[in-house]
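J.: Just need the structure, nothing else, for what follows:
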Amino acid sequence: MAQVTIQLNGYNYTVNCQDGEENHLRAMAAQIEKRIDRVRGLGTQGGEVRTLVLAALLMADEIFDLSQAKLPAGANEAIAQAEHLLRDAEMRNQRLKILTERAESIAETLEHP
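T.: The predicted model follows:
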């Protein structure tokens with residue numbers, strides 16, 4: 001297990017992570033620091049906890065917006081068409097299986113009258 005020291009809002013934090021994930025952790029910390037800078041840019045007053053809470057709220061808002069994002073125009077129609085094609089293919093496969101079984105049964109009857 002690796003340890004990484006990150007700096008947020010002027011304070012150092014030592015955080016454990018899986019080996020090899022150090023750069024990812026640093027990148028996440030950079031994203032948080034970017035939101036902290038944005039909070040400071042808004043001129044809000046408060047201590048470390050308030051600044052971190054506001055940065056967390058900014059990130060939560062971004063995550064919410066991303067989760068609510070609409071699919072591109074026509075995507076739902078394309079998905080419906082693909083589902084229809086899959087159902088059709090499955091029906092054809094079932095029919096082919098039945099025909100194959102019939103053909104094998106006929107062949108068996110002809111070979112052994």
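J.: Every contact and neighbour count from this point should use C-alpha atoms.
T.: Will do.
J.: Return the distance of the helix or strand hosting residue 93 from the chain's centre.
T.: When secondary structure is defined using DSSP states H and E, the element that contains residue 93 is helix 75-111. Centroid separation for helix 75-111 versus its chain: 33 Å, with C-alpha atoms, centre = their mean, to the nearest Å.
J.: what pLDDT, on average, does it get?
T.: Mean pLDDT, computed over helix 75-111, is 90.
J.: now do stretch 46-64
T.: For stretch 46-64, the per-residue pLDDT averages 89.
J.: same thing with stretch 6-17?
T.: The average pLDDT for stretch 6-17 rounds to 91.
J.: what distance separates it from the centre of its chain?
T.: That offset, for stretch 6-17, works out to 26 Å (C-alpha atoms, centre = their mean).
J.: who touches it?
T.: 1-5, 25-26, 29, 32-33, 36, 48, 51-52 (C-alpha atoms under 8 Å, 6 or more residues apart in numbering).
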